[in-house]
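Visitor: any chance you could fold what I've pasted below:
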Amino acid sequence: MKNGIILFAIIAFALNLNAQTLTPEVTSWVINTNSQKGYGSILSNVQQVQYATTNVYVSATCIPGYDIGPWTGNPNTPANQNFVFKITRNPQKNTGNAIATSLGHTGVWSNGVSIFNAKDARSYNNAGVWNQNAIYVEGISFDTCLGHPAPNGEYHTHLNPRCLYNDKDNATHSPIIGYAFDGFPIYGAYGFSNTNGTGNITRMRSSYAKRNINTRTTLPDGSTASNAGPNVGGQYPLGYYIEDYLYTNGSGDLDDHNGRFCVTPDYPNGIYAYFVTIDSLYNGEYPYTPGPTYYGTVQQGNMGPGSGHNTPGTGETVTTYTKTTGIDMLENSNTINIFPN
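Guide: The predicted structure follows:
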């Protein structure tokens, strides 16, 4: 009887500790638990999630568990990126100058695939003013899941990852489908109509819209562009450039970062959350994913050339997150594993 009481106490303690520590940024990942392989016989989805008090480390190949390809006109092929992304567990609103979502990965989907913003790294006459919209310019090379590989083999999407979740389910609040590099969650296209978690489920509307212009001589803020762009039409339809869009506060559900502070099923006390944006026909709606700037502050190690290869456990003790017999348990060298794998 005494041993039974002790065992019960250990279980209760473990579950209580688990409930306190295993928050959505730890548990929302699509973890490959049986060595499944995807494109190119590469291990798919997320291989490992480790967490400490301050950070979560997500190890992934950047290959999803669903079929991808082909990529019309794109000579690149996906390759194992061996990423270890670092996500803060204590995201903070940025009170300084806005941080732009840079070229390359700006966050990571819950299956370990990279998120890119709307830009494609090119501008009109290379002047750095009229920046091309990847959805318009590169869209022909997107596969049916709306992704394609970069020159380095990094498979990514610039917009709604429609093979990751059911983007046609407009009766249910969308799940967390990723995290931006400022640590705030990204949801699918649908949320509560009211920010306090009440009301019907509704498609989240972007507050950006195409400008009413025929010539490209002014920027969205009304200032004169240092270099004029091509006239609207023909090869350069409205929306071809990022500067073709204007943000109008309150015109949609989301702010200029493509998110809002709201109650969600995962955060009943409220959280700042990004949403992917699509129109009524399920086509991407600018800015598509978090951006063009982050809401929060961004940690080093995830952005820029060669980034995404963080080292867990530098100055902090990490624990590997696993799922055992339907119950999330803690497993590390100092934890008693009560339930067998």
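
Visitor: measure how buried the residue nearest to Ala100 when sequence neighbours are not counted is and give me the count.
Guide: Excluding the flanking residues, the one nearest Ala100 by C-beta to C-beta, 6 or more residues apart in numbering is Thr293, at 5.3 Å. In short, each C-beta sits where N, CA and C put it, glycine included. Thr293 is flanked by 17 other residues according to other C-beta atoms under 10 Å.

Visitor: and what of the one 10 residues further on?
Guide: Using other C-beta under 10 Å as the criterion, Met303 is surrounded by 17 other residues.

Visitor: hang on, it packs against Asp182?
Guide: No: Met303 lies out of contact with Asp182 (C-beta atoms under 8 Å); the separation is 10.5 Å.

Visitor: mind checking pLDDT for Thr322?
Guide: Per-residue pLDDT puts Thr322 at 89.

Visitor: again but with Ser35, I slipped
Guide: Looking at Ser35, the pLDDT reads 95.

Visitor: same thing with Asp328?
Guide: 39.

Visitor: pLDDT on stretch 242-259, on average?
Guide: 98.

Visitor: same question, stretch 40-50
Guide: 98.

Visitor: straight-line length of it, end to end?
Guide: Distance between the two ends of stretch 40-50: 26 Å, counting by C-alpha to C-alpha, to the nearest Å.

Visitor: coming back round to it: how close does the residue nearest to Ala100 sit to Ala98?
Guide: 4 Å (C-beta to C-beta, to the nearest Å).

Visitor: same check on Thr317?
Guide: Going from Thr317 to Ala98 by C-beta to C-beta gives 34 Å.

Visitor: ok, Val108 next?
Guide: 21 Å.

Visitor: repeat that for Gly139.
Guide: Distance from Gly139 to Ala98, by C-beta to C-beta: 27 Å.

Visitor: same question for Ala228.
Guide: 26 Å.

Visitor: who has more neighbours, the two?
Guide: Under the criterion of other C-beta under 10 Å, the comparison of Ala228 against Ala98 puts Ala228 first, with 16 against 12.

Visitor: what residues sit buried inside the helix or strand containing the more buried one?
Guide: Using DSSP states H and E, Ala228 maps to strand 224-229. Buried residues in strand 224-229, counted by 16 or more other C-beta atoms under 10 Å: 228-229.

Visitor: do the same with stretch 143-160
Guide: 143, 145-150, 154-160.

Visitor: now, these that are in strands?
Guide: 147-149, 155-157 (DSSP state E).

Visitor: is it possible to export these to CSV including distance to Thr218 and pLDDT?
Guide: Below are these laid out as CSV (distance: C-beta to C-beta, whole Å; pLDDT from 0 to 100):
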residue, distance to Thr218, pLDDT
Gly147, 34, 98
His148, 32, 98
Pro149, 36, 98
Tyr155, 37, 98
His156, 32, 98
Thr157, 31, 98
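
Visitor: can you name the two of the residues you listed that sit furthest apart?
Guide: Pro149 and Thr157 (11.0 Å; C-beta to C-beta).

Visitor: touching both of these two, which residues are there?
Guide: Overlap of the contact sets of Pro149 and Thr157 (by C-beta atoms under 8 Å, 6 or more residues apart in numbering) is empty.

Visitor: contacting residues around Ile135?
Guide: Going by C-beta under 8 Å, 6+ apart, Ile135 touches 118, 158-159, 284, 286, 288.

Visitor: try it again at 7 Å.
Guide: 118, 158-159, 284, 288 (C-beta atoms under 7 Å, 6 or more residues apart in numbering).

Visitor: and if you look at Val84?
Guide: Applying C-beta under 7 Å, 6+ apart, the residues contacting Val84 are 57, 59, 308-310, 312.

Visitor: same deal with Ile99?
Guide: Taking C-beta under 7 Å, 6+ apart, one finds 293-294, 298 in contact with Ile99.

Visitor: flag the shaky bits of the stretch 51-200 of the chain, pLDDT-wise.
Guide: Scanning the stretch 51-200 of the chain for pLDDT under 70 picks out no residues.

Visitor: which residues in it form strands?
Guide: Listed in chain order, the strands found in the stretch 51-200 of the chain under DSSP state E, counting those that start in this stretch are 55-60, 83-88, 105-109, 114-116, 119-123, 131-133, 147-149, 155-157, 176-180, 185-187, 190-192.

Visitor: return the distance of Tyr190 relative to Thr202.
Guide: Tyr190 is 7 Å from Thr202, by C-beta to C-beta.

Visitor: my bad, Gly147
Guide: Going from Gly147 to Thr202 by C-beta to C-beta gives 26 Å.

Visitor: same check, this time on Leu254
Guide: In terms of C-beta to C-beta, Leu254 sits 12 Å off from Thr202.

Visitor: between the two, which one's more packed in?
Guide: The neighbour count for Leu254 versus Thr202, taken as other C-beta under 10 Å, is higher for Leu254 (22 against 15).

Visitor: which residues touch that one?
Guide: 204, 206-207, 260, 275.

Visitor: if you rank those by neighbours, which is first?
Guide: Phe275 (28 neighbours).

Visitor: quick check, pLDDT for that one.
Guide: So Phe275 comes in at 98 (pLDDT).
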